[in-house]
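> I would like the atomic coordinates for the input below:
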Amino acid sequence: MQRSLPTTPAQPALYTAEQRRRRDASPWTMVQAILAPLQFLVFLVSLVLVIRYLVGAQGFALATASVVIKTLVLYTIMVTGALWERDVFGQYLFAGPFFWEDVISMLVIGTHTAYLIAVFTGALGPVGQMLLALIAYATYVVNAVQFVLKLRQARLAPAPGAVPAAALAYGAGK
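Below is the predicted model of the structure:
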């Protein structure tokens with residue numbers, strides 16, 4: 001008598017076996033692994049400085065410098081991320097599994113770039129610039145959550161060709 005396997009909703013795999021091999025071989029994978037938490041750390045420090053300025057009207061220059069540094073780290077991770085995506089998927093942006101992350105990334109880049117334009121042209125005034133920085137940071141948080149969810153999906157996905165754990169439990173792997 002044959003037992004049926006429990007069914008779960010299938011989630012499309014992020015990588016084919018070949019894409020996974022290219023991901024593991026790409027030097028940009030390690031660069032992304034270093035830059036992503038660095039960017040988050042810079043974001044946290046900068047967020048505190050921006051809020052400190054908005055609440056107490058102190059430290060505008062330091063808050064501005066921190067947002068500029070955050071934006072430069074963002075540009076670096078976007079360029080290296082595009083190189084990573086080319087290595088793994090053969091295109092610089094908008095590869096199928098990362099399409100929506102890239103769409104939101106464009107919004108993040110746009111808001112951060114608008115902030116830099118405001119700073120270098122003197123537009124909006126200090127409070128307006130800091131509020132624009134908070135909008136840019138809100139878009140970054142959405143993109144960071146997307147990144148964490150995608151990372152979790154990749155870690156939970158079985159390696160291509162691996163026997164699912166449920167199949168092993170039912171003896172299908174023998």
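
> Is E85 in contact with A95, as I believe?
Yes: at 5.3 Å, E85 and A95 qualify as touching, with contact defined as CB atoms under 8 Å. Any C-beta I mention is one placed from the backbone N, CA and C, and that applies to glycine too.

> These two - which one has more neighbours?
Neighbour comparison, E85 and A95: the larger count goes to E85, with 23 against 16 (by other CB atoms under 10 Å).

> Just give the number of residues close to Y115.
Neighbour tally, Y115, other CB under 10 Å: 25.

> any idea how far it lies from L134?
10 Å (CB to CB, to the nearest Å).

> and the spatially most central residue of the chain, what helix or strand is that in?
Nearest to the geometric centre of the chain sits F147, at 3.9 Å (CA atoms, centre = their mean). For F147, the host element (DSSP states H and E) is helix 125-156.

> mean confidence score for that helix?
For helix 125-156, mean pLDDT rounds to 93.

> hmm, back to that, might you report the residue contacts of the residue nearest to the centre of the chain?
Contacts here follow CB atoms under 8 Å, 6 or more residues apart in numbering; on that basis F147 touches A36, E101.

> distance of it from G125?
Applying CB to CB, the value for F147 to G125 is 33 Å.

> next one: I109
Taking CB to CB as the measure, I109 falls 23 Å from G125.

> Looking at those two, which one has more neighbours?
It is I109, of I109 and G125, that has more neighbours when counted by other CB under 10 Å, with 18 against 10.

> Grab the nearest non-local neighbour of that one.
Sequence neighbours aside, M78 is the residue nearest to I109 in space, at 6.2 Å (criterion: CB to CB, 6 or more residues apart in numbering).

> Poorly predicted segments of the chain, please.
1-11, 159-174 (pLDDT under 70).

> Mind doing that once more with 50?
The chain contains residues with pLDDT under 50 at 1, 6, 163-174.

> mind listing the helices for it?
Under the criterion DSSP state H, the chain contains helices at 17-25, 27-56, 60-89, 99-121, 125-156, 165-169.

> what about W100, how many residues close to it?
12.

> any idea how far it is from Q91?
Remark: distance between W100 and Q91 (CB to CB) = 15 Å.
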